[in-house]
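In: sequence? don't have it. structure:
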Ligand SMILES: Nc1ncnc2c1ncn2[C@@H]1O[C@H](COP(=O)(O)OP(=O)(O)O)[C@@H](O)[C@H]1O
Ligand SMILES: [Mg+2]
């Protein structure tokens with residue numbers, strides 16, 4: 001903190017309380033002062049130097065020059081790169097500077113809008129993706145309706161085949177809409193921690209049973225290795241059901257035919273990267289696996305390693321995105337390990353209940 005001298009106006013200290021970077025300039029565009037946020041951002045105090053030492057963006061310089069020339073408040077959106085490019089809305093307003101406050105200076109306030117812009121971009125991408133995903137089954141439906149009305153009108157064999165395809169396209173749309181609704185519900189509830197107690201052995205046992213027919217179709221089986229006196233976890237039954245349904249469905253879809261899926265549940269002293277005691281639920285398959293560079297992207301909405309394969313297995317590309325959101329609402333973690341040509345392990349870590357259940 002600099003010592004306060006008689007000539008410093010008290011307003012200057014107020015600037016340090018502003019969370020956005022603020023730069024004060026004199027009539028000659030020289031830097032009079034940076035507030036604390038600006039010092040943190042630029043890392044060097046260029047007091048007494050021209051503004052271009054800090055910012056060279058032509059729009060910002062033009063806005064500052066306009067203010068110094070007596071124009072009113074100016075505003076512009078610019079990208080400024082320090083280590084990584086960030087987007088700012090820069091406000092430039094006239095201020096009186098100089099010993100007797102008789103000079104026309106300027107004050108720049110830089111409001112970081114990177115996060116907002118990224119969120120906007122993600123929303124736009126998401127809408128574009130959803131529209132695309134809905135359009136392809138729809139156009140296929142419309143195409144088959146036209147064919148059934150026209151060329152295939154009197155062809156019972158074609159009719160049966162086309163109706164089968166139409167049914168599966170309609171089911172694809174139903175699944176997509178179901179997943180979109182789950183995703184939006186989980187997102188809406190993400191700040192409300194779950195309160196119920198869930199018995200994992202019962203939950204996993206019944207989910208595994210419900211998938212046995214589907215696994216058998218690919219000549220696969222499901223093995224459960226569960227410690228039966230596991231403490232209950234705090235969670236929401238419906239949401240945890242969605243998590244394990246998705247992981248098991250993926251293991252069936254992307255595991256190799258004729259192999260077995262292994263589900264194990266065991267307590268752990270520390271959840272990786274968190275430290276609290278927890279319960280680890282692992283769903284492992286033997287299959288093609290996923291390359292290391294793809295792993296971080298698997299939980300992105302609509303990301304699939306092999307689009308054709310995901311489609312043919314009835315995937316929507318939203319499963320792991322939903323899984324990730326639910327686990328984060330449960331204050332848990334998802335760890336994905338995979339070896340190409342061998343298989344994958346998806347481990348869900350849930351915080352262990354510290355107190356015994358009261359009911
Ligand atoms: N057990 C697994 N083994 C290999 N790849 C997997 C596994 N689980 C998920 N993936 C990959 O992650 C992608 C995204 O999974 P998910 O979000 O469930 O979408 P979907 O299964 O509908 O395609 C899948 O398309 C697949 O490429
Ligand atoms: Mg899936």
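Out: Happy to help now that I have it. This one's a predicted model, so the numbers in the text were calculated from it and none came from an experiment. Residues are numbered from 1 along each chain as shown. Ligands and ions are numbered 1, 2, ... in the order given.
In: does the residue of the stretch 101-250 of the chain found nearest ligand 1 belong to a helix, a strand or coil?
Out: Nearest residue of the stretch 101-250 of the chain to ligand 1: residue 250, at 3.4 Å (CB to the nearest ligand atom). To be clear about C-beta, it is placed using only N, CA and C from the backbone, and glycine gets the same treatment. Following DSSP: H, G, I helix; E, B strand; the rest coil, the label given to residue 250 is helix.
In: next one: it relative to residue 223, how far apart?
Out: As judged by CB to CB, to the nearest Å, residue 250 and residue 223 stand 16 Å apart.
In: name the nearest residue to the residue most central in space within the chain, sequence neighbours excluded.
Out: Nearest to the mean C-alpha position of the chain, by CA atoms, centre = their mean, lies residue 300 at 6.5 Å. Leaving aside its sequence neighbours, residue 300 sits nearest to residue 321 (CB to CB, 6 or more residues apart in numbering; 6.6 Å).
In: which residues of the stretch 201-350 of the chain lie near ligand 2?
Out: Proximity of the stretch 201-350 of the chain to ligand 2 (CB under 5 Å from the ion) is limited to residues 250, 315, 319.
In: in this protein, where is pLDDT below threshold?
Out: For the chain, applying pLDDT under 70 flags the ranges 1-12, 354-359.
In: hmm, try it at 80
Out: Along the chain, segments meeting pLDDT under 80 span 1-13, 228-229, 353-359.
In: scan it for its longest helix.
Out: helix 114-149 (DSSP state H).
In: related to what we said a few turns ago, list the contacts of the residue nearest to residue 300.
Out: 183, 299, 300, 301, 302 (CB atoms under 8 Å, 6 or more residues apart in numbering).
In: got the phi and psi for it?
Out: phi -70, psi -40 (degrees, to the nearest 10).
In: that older thread, quick one, the helix or strand that the longest helix of the chain is followed by and helix 114-149 angle?
Out: Using DSSP states H and E, the helix or strand that directly follows helix 114-149 along the chain is helix 156-188. With axes from the mean of the first three to the mean of the last three CA atoms, to 10 degrees as the basis, helix 156-188 and helix 114-149 are set at 160 degrees to each other.
In: quick check, distance from whatever helix or strand comes next after helix 156-188 to the centre of its chain.
Out: Sequence-wise, the next helix or strand downstream of helix 156-188 (DSSP H and E) is strand 197-198. The chain centroid and the centroid of strand 197-198 are separated by 27 Å, computed with CA atoms, centre = their mean, to the nearest Å.
In: direction included, what does strand 197-198 pair against?
Out: Applying DSSP bridges to the sheet, strand 197-198 is found paired with strand 233-234 (antiparallel).
In: now do the partner strand: distance to the chain's middle.
Out: On CA atoms, centre = their mean, the centre of strand 233-234 falls 24 Å from the chain's centre.
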